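**Student:** sequence plus predicted model, see below.
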Amino acid sequence: MQPVTTNTNIPVHLFQTKQFKTTAVIMQCRAPLSEHTAAGRALLARVLKKGSLRYPSQSHIKEKLDDLYGASFNVDVGKRGNYHVMSFRMEFVNEQFLPAQEDLFAEATAFLAEMVHAPLAEGRAFNSKIVEEEKRTLVQKINTIYDEKDRYANMRLVQEMCSAEAYSVHPLGDAHQMEALDEQKLYDVYEQFLAEDAIDVYVVGDVGSYDVEAVTGPFPERSPLPPVEDGSERPPRVRYVEEADDIHQGKLQLGYRTPVTQDDPQFAAMQVTNGLFGGFPHSKLFQEVREKRSLAYYAASRYESQKGLVMVMTGIEKGQYEQVKTVIGEQLQALQQEAVSEELLAQTKRMLINQIRETTDAPGGLAALHFQGKMAGRVRPIETWIEEIEQVSAEDVLACANSIVLDTVFFLHGKEDKDAETTV
């Protein structure tokens, strides 16, 4: 399914479908990912959803959403490749299922417009109490990453691997920069968002008309976003980074690079390759590292298609570092040298296709897949994407596997684990 796109100052993409009993209006706003702006944008997202001039409190917002037959509204942030994305989501029941004729679409989009364009501010400053409350919440969330060692290890891997790249920045930013924000500085962030973000609006549902001018109209004319200086290069040698902490289970993570990204003709083949490497329970990492050799509590890989990264995540016992690192390398080498069986290839394709279909079972999923493709520079219709996966051959997997090169190894281990030493 492909949307109908209205190419105006702000593109509006309509997924006209009877698949859902709700209608979703989703606004995706992106800016170059930067250590100087991530914290401010993360804070802005939380402050904007806390109130507006017409709905100055959470109770006012809840009352309005209840009036809209239990509509939902949310704002959050994330990163997609080298971009920081602020997402506004509004979902409400389709008017066809209401007991009486009512233009719920217009009411819902008017509410969304109010939350975006009429924030709870006085002059050029947000409400100081809300700003301070949300700062505390976000600083706590940032600090919590350190306590969740799997997330922390992955964050550190990315920071080391992509140290010269925008992708190294966490979407919530830095706690120190968060602390430095106040109500006036945050309003500057808001004005920059209004003036500069690249914005796409998605409407998903069985709608007769989809006038979102209330949301898009107040934005000034857009200029194209400047390209993000990537700086991604393969290092002359593999980087090994080690940290000690008060933990019992070691976190060994390996970062690889591949030139195959989402806009590449071999994108589907790389998805299949990652699925065979560590993406599913039947993958080499899960079966060899965890199941057969019992070397890890978990072992999996993830393909970051916007950046061309493959990341391996494992939880291991002390003293198993060298053996696990070696076995992981052997599993990739096997994919690089041996044609995968037709049975495993078919199983991986089925699971990937099921993932795509499950994603499109929600309005937000349809919009997200299209938006990711647009950012990557190539939008694949869902059925085309599925056909590309089905056509992946064992030879394609060999080619993709051979494009994967180790970049960085990060090991987080207990302070007493002196036997878990790295070898460069």
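**Tutor:** Everything's here; your move.
**Student:** which ones are touching residue 49?
**Tutor:** 73, 74, 75, 115 (CB atoms under 8 Å, 6 or more residues apart in numbering). Quick note: C-beta positions are derived from backbone N, CA and C, even for glycine.
**Student:** hang on, the second one is in a helix, isn't it?
**Tutor:** No: Residue 74 is assigned strand when assessed by DSSP: H, G, I helix; E, B strand; the rest coil, not a helix.
**Student:** quick check: phi and psi on the nearest residue to it once chain neighbours are set aside?
**Tutor:** Closest residue to residue 74 apart from its sequence neighbours, by CB to CB, 6 or more residues apart in numbering: residue 89 at 4.9 Å. Main-chain dihedrals, residue 89, degrees, to the nearest 10: phi -130, psi 130.
**Student:** low pLDDT regions in the chain?
**Tutor:** Within the chain, the stretches with pLDDT under 70 are 1-2, 231-233, 417-424.
**Student:** what about residue 26, which SS state?
**Tutor:** strand.
**Student:** and the gap between it and residue 215?
**Tutor:** Taking CB to CB, to the nearest Å as the measure, residue 26 falls 11 Å from residue 215.
**Student:** who touches both of the two?
**Tutor:** Applying CB under 8 Å, 6+ apart, one finds that residue 26 and residue 215 are jointly contacted by residue 201.
**Student:** before we move on, back to that, which of the contacts of residue 49 sit farthest apart?
**Tutor:** Farthest-apart pair in the contacts of residue 49 is 74 and 115; separation 10.4 Å (CB to CB).
**Student:** close enough to count as contact, the residue nearest to residue 74 and residue 23?
**Tutor:** No: contact criterion CB atoms under 8 Å: residue 89 and residue 23 do not qualify, at 11.7 Å.
**Student:** so the two - more neighbours on which side?
**Tutor:** Using other CB atoms under 10 Å as the criterion, residue 89 and residue 23 rank with residue 23 on top: 24 against 19.
**Student:** can you give me every residue that contacts the more buried one?
**Tutor:** Residue 23 touches 91-95, 104-105, 108, 203-207, 363, counting by CB under 8 Å, 6+ apart.
**Student:** filter those residues down to the buried ones.
**Tutor:** Listed as buried from these are 91-95, 104-105, 108, 203-207, 363; burial here means 16 or more other CB atoms under 10 Å.
**Student:** using JSON lines, lay out the residues you listed together with distance to residue 140 and secondary structure.
**Tutor:** Formatted as JSON lines, the buried ones among the contacts of residue 23 follow (distance: CB to CB, whole Å; DSSP: H, G, I helix; E, B strand; the rest coil):
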{"residue": "91", "distance to residue 140": "28", "secondary structure": "strand"}
{"residue": "92", "distance to residue 140": "32", "secondary structure": "strand"}
{"residue": "93", "distance to residue 140": "35", "secondary structure": "strand"}
{"residue": "94", "distance to residue 140": "38", "secondary structure": "coil"}
{"residue": "95", "distance to residue 140": "40", "secondary structure": "helix"}
{"residue": "104", "distance to residue 140": "37", "secondary structure": "helix"}
{"residue": "105", "distance to residue 140": "37", "secondary structure": "helix"}
{"residue": "108", "distance to residue 140": "32", "secondary structure": "helix"}
{"residue": "203", "distance to residue 140": "35", "secondary structure": "strand"}
{"residue": "204", "distance to residue 140": "33", "secondary structure": "strand"}
{"residue": "205", "distance to residue 140": "36", "secondary structure": "strand"}
{"residue": "206", "distance to residue 140": "41", "secondary structure": "coil"}
{"residue": "207", "distance to residue 140": "40", "secondary structure": "coil"}
{"residue": "363", "distance to residue 140": "31", "secondary structure": "helix"}
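**Student:** so where do the helices sit in the stretch 301-424 of the chain?
**Tutor:** 321-337, 342-359, 363-376, 382-390, 394-401 (DSSP state H, counting those that start in this stretch).
**Student:** list of residues touching the longest one?
**Tutor:** Contacts with helix 342-359, where a contact means CB under 8 Å, 6+ apart, come from 271-272, 275-276, 279-280, 282-283, 365-366, 368-369, 382, 385-386, 389-390, 392-394, 397.
**Student:** which helix in the chain has the most residues?
**Tutor:** helix 128-147 (DSSP state H).
**Student:** which parts of the helix or strand following that one are buried?
**Tutor:** Going down the chain from helix 128-147, the next helix or strand is helix 149-161, by DSSP states H and E. Residues of helix 149-161 classed as buried by neighbour count (16+ other CB under 10 Å): 149, 150, 152, 153, 154, 155, 156, 157, 158, 159, 160, 161.
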